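A.B. asks: One predicted model, sequence on top.
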Amino acid sequence: MLRLHPSALDIVLLVIYFVAVLGIGVAARRSVGTSADFLLAGRSLPAWVTGLAFVSANLGATEILGMAANGAQYGVATVHYYWVGAVPAMVFLGVVMMPFYFRSKVRSVPEFLRVRYNDSTHVLNAVVFALSAVLIAGVNLFALAIVLKSLLGLNLYLGIVVSAAFVLAYIGAGGLSSAIYGEVLQFFVILAGLIPLTIAAVKNVGGFGDLGHRITKSMLGDNGLHAWKGTSVGADQVNPIGSNWIGIVLGLGFVLSFGYWTTNFAEVQRALSAKDESAGRRTPLIAAYPKLFIPAVTVIPGLVALVTFKDFGQGSSGLTYNDAIPARMGKLLPSGVLGIAITGLFASFMAGVAANVSSLNTVVTYDLMEPYLAKNRSDRYYLNAGRLVTVGGIVIAVFTAILASHFNNIMTYLQSLFSIFNAPIFATFILGMFWRKTSAWGGFWGLLSGVVAGAVTFLLFQTKVVTVSTAIYATFIQAGIAFVVDLIVTLAVTAVTPRPDPDSLGDIVYSRKQRAKERGPKPTWWERPVLLGGGALAIGVVLNVIFA
């Protein structure tokens, strides 16, 4: 049975971290006087803060346990989730999409659909996002409970409840501000925990040379050391994730990635909390640089776990792929360093929960209650409503955490959720932003059809009615189907319903005339989105070539 044995020093370090995070919540509470302070952080934060929060918000179960699990199960090909499935979309968000969000003066991603389409599309997107937020928050709670079980031998379900209560304590106090400043602290704590673990893990197996040799002798084979080997169409020997380059580039790199990073409010909210449009555009671009190198501290520990434990992740070992990092921590790290690593895990999971809950309370309050369910109330009413939604979201996430506990690889589960909820929303956004003729009802029926198509495809795979080589490849297919169905239905309905009045769209739809308006004095080099984004893309290309 997996069990960590922290010393008194390790426990002290963990307690110090908890006190620091609660202190952030208390301090942030003093600055909360309006609903905008609680739900939007007053839109006053500098780019470096929102940039670190942007990447930290994603450093939850998806990144830590999930990517380490993928490293053990699929090998080096897991880097596609970063260099193909994240950075290009983050650059697109900063360079292309953030101006649309700021220009429309919206407070959330669903609210943009109200401005561009109609109330029905707005409500549908808000409900879909709220559902996905509590499901994803549940994944992070489950991951945190795994660590509590390893650390204290705490019952898994009791661990979920304890984890939820702690996150509620500091998010409920200071709202988005406490979440974001907590995420900045968590970013550094996470790295402080994972870097020593990675170094110790590689040293323990004899260095990178021996690690590579042992991987080629594992069930992954030689392809386990390569990102692109075996991905050509019709290749006799496929790569471990079971997908060719078309599925990787289009399914993961375009549909899943762009759908998540450009329309998922849990991420975009960090950029919208920046002090101005320039800071908002730079937020995902600043985040792209650490994102490029995070595989070094997530994928590598997973590879080490694979070659260290006999039959790792196969059931007979008693360890699932999700245990890759906790299993290595307990074996390799000395007192003190183990405490930092455990604290880093707690930090990452709380960042994931906080990101989803803080975005959930904004969407429910501003996108459902204020315009439809509780109109024309005082600002104090919406502030209190936001706090109540925070409590409700945490409670619901407890139950969705139990659902997540039934998946051997939580990364696969998360990607399934993204393929259902984010892929079709991206199709609706792209048509709305770049094609003026897209009708209001085209947007609504396209989005609804895409979500349904993604959910039905997920069920077909789960019930084995349809099967493919790997579960992760299935998520690429689900995303592609949801995206294409959304596009087709939107175009079909647009053809038979009234087109929008061009004058009513203002400058929230792309046009050359608007681009010409934006030309003005050039900012300093470190404030230029195209330059920042181009640098991140260039590094990504070099890394892909090195690990091809």
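C.D. replies: Happy to help now that I have it. Please read these numbers as outputs of a predicted model, since none were measured by experiment.

A.B. asks: What backbone torsions are found at the most centrally placed residue in the chain?
C.D. replies: In the chain, the centroid-proximal residue (CA atoms, centre = their mean) is Asn58; its distance is 4.2 Å. The phi and psi values for Asn58, taken as degrees, to the nearest 10, are phi -90, psi -10.

A.B. asks: measure the nearest residue to it once chain neighbours are set aside to His5 for me?
C.D. replies: Distance criterion CB to CB, 6 or more residues apart in numbering; nearest residue to Asn58, sequence neighbours excluded, is Glu267 at 6.7 Å. For the C-beta atoms, the positions are set from N, CA and C on the backbone; glycine is no exception. Using CB to CB, to the nearest Å, one gets 36 Å for the distance from Glu267 to His5.

A.B. asks: So for these two, which sits in the more crowded spot?
C.D. replies: Glu267 (26 against 10; other CB atoms under 10 Å).

A.B. asks: check contacts around the more buried one.
C.D. replies: Contact analysis of Glu267 by CB atoms under 8 Å, 6 or more residues apart in numbering lists Phe54, Ala57, Asn58, Tyr260, Trp261, Pro284, Ala355.

A.B. asks: which of those residues lies closest to Trp526?
C.D. replies: Taking CB to CB as the measure, Pro284 is the one of these closest to Trp526, at 15.1 Å.

A.B. asks: I'd say that closest one and Val87 touch.
C.D. replies: No: Pro284 lies out of contact with Val87 (CB atoms under 8 Å); the separation is 9.5 Å.

A.B. asks: Tell me which of these two has more neighbours.
C.D. replies: Pro284 (34 against 27).

A.B. asks: any idea which element that one lies in?
C.D. replies: Secondary structure from DSSP states H and E places Pro284 in helix 277-293.

A.B. asks: Figure out how far that helix is from the centre of its chain.
C.D. replies: Centre-to-centre, helix 277-293 and its host chain are 14 Å apart (CA atoms, centre = their mean, to the nearest Å).

A.B. asks: in that helix, what counts as buried?
C.D. replies: In terms of neighbour count (16 or more other CB atoms under 10 Å), helix 277-293 has its buried residues at 278-292.

A.B. asks: Need the contact partners of that helix.
C.D. replies: The contact list for helix 277-293 (CB under 8 Å, 6+ apart) reads 45-48, 50-52, 54-55, 58, 82-83, 86-87, 90-91, 93-95, 98-99, 101-102, 187, 261, 267, 270-272, 274, 523, 527, 529, 532-533, 535-536, 539-540, 543.

A.B. asks: okay, Thr231: pLDDT?
C.D. replies: With respect to pLDDT, Thr231 scores 85.

A.B. asks: how about it, secondary structure?
C.D. replies: What DSSP: H, G, I helix; E, B strand; the rest coil gives for Thr231 is coil.

A.B. asks: quick one on the thing from earlier: can you state the direction angle for the helix or strand harbouring the residue nearest to Asn58 and helix 277-293?
C.D. replies: Using DSSP H and E, Glu267 maps to helix 265-272. Interaxial angle of helix 265-272 relative to helix 277-293 (axes from the mean of the first three to the mean of the last three CA atoms, to 10 degrees): 130 degrees.

A.B. asks: Now helix 265-272 - C-alpha only, PDB.
C.D. replies: This file holds the C-alpha atoms of helix 265-272, laid out as PDB (Å, rounded to 0.1, in the frame of the first residue of the first chain):
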ATOM      1  CA  PHE A 265     -13.200  30.800 -18.300                       C
ATOM      2  CA  ALA A 266     -11.100  29.200 -15.400                       C
ATOM      3  CA  GLU A 267      -8.100  30.300 -17.500                       C
ATOM      4  CA  VAL A 268      -9.400  33.300 -19.300                       C
ATOM      5  CA  GLN A 269     -10.600  34.800 -16.000                       C
ATOM      6  CA  ARG A 270      -7.000  35.300 -15.000                       C
ATOM      7  CA  ALA A 271      -6.300  37.400 -18.100                       C
ATOM      8  CA  LEU A 272      -9.600  39.400 -17.700                       C
END
